[in-house]
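# sequence and predicted model, in that order:
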Amino acid sequence: MFRRTFLAAVALVALPVSLSAETLDYRPGLVKERLAAGETVFVGFQADWCTTCRAQERTINALKADNSAYGENVTFVRVDWDEFRRATLTRELRIPRRSTLVVLRGAEELGRNVANTSRSAIQNLMDVALNAAAS
């Protein structure tokens, strides 16, 4: 009985980490579809092996956990750098490297963060996205 309770508790604690389903995995055309639907899109160009990317992702997830308005109003998209570094989206946005975060609304780029893991810098970029979504 104790073992089942323990396993259930561990599963519940791990649940928020695995619920990053709020972040969509990129596929060609996804960002344009979401922008055409009037959404504000926060795009992260990441690689699983990139320590800077993981630090950014931890900060983004922590900020989303602290303020549900981010997840409710902004569409978060993760672009796998290893798979899509030569994709049309990457070229059109002139993404220089993995660990680049970009906020888009309509046809405009509203902000960008390249390889910065600072909580305040990432929060500022997320706030730009949230403010754009609210307008």
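Sure, I can see it. What you are looking at is a predicted structure, and each value in this text was computed from that prediction instead of being measured.
# quick check: mean pLDDT of the helix or strand V77 falls within?
Using DSSP states H and E, the element containing V77 is strand 74-80. Averaging pLDDT along strand 74-80 yields 97.
# which strands and helices lie in contact with the helix or strand just after that strand?
With elements assigned by DSSP H and E, the helix or strand that comes after strand 74-80 is helix 81-84. The helices and strands touching helix 81-84, judged by 3 or more CB pairs under 8 Å, 6 or more residues apart in numbering; DSSP states H and E, are strand 40-46. Using the backbone N, CA and C atoms, a C-beta is placed for each residue, glycine as well.
# tell me the mean pLDDT over the strand it packs on?
Rounded mean pLDDT across strand 40-46 is 97.
# now do the next helix or strand after that strand and strand 74-80, the angle between them.
Using DSSP H and E, the helix or strand that follows strand 40-46 towards the C-terminus is helix 51-66. Counting by axes from the mean of the first three to the mean of the last three CA atoms, to 10 degrees, helix 51-66 points 160 degrees away from the direction of strand 74-80.
# quick one: buried residues of helix 51-66?
T52, C53, A55, Q56, E57, T59, I60, N61, L63, K64 (16 or more other CB atoms under 10 Å).
# how far does the strand or helix carrying R34 sit from the chain's center?
Element membership of R34 [criterion: DSSP H and E] is helix 30-36. On the basis of CA atoms, centre = their mean, to the nearest Å, helix 30-36 sits 15 Å off its chain's mean C-alpha point.
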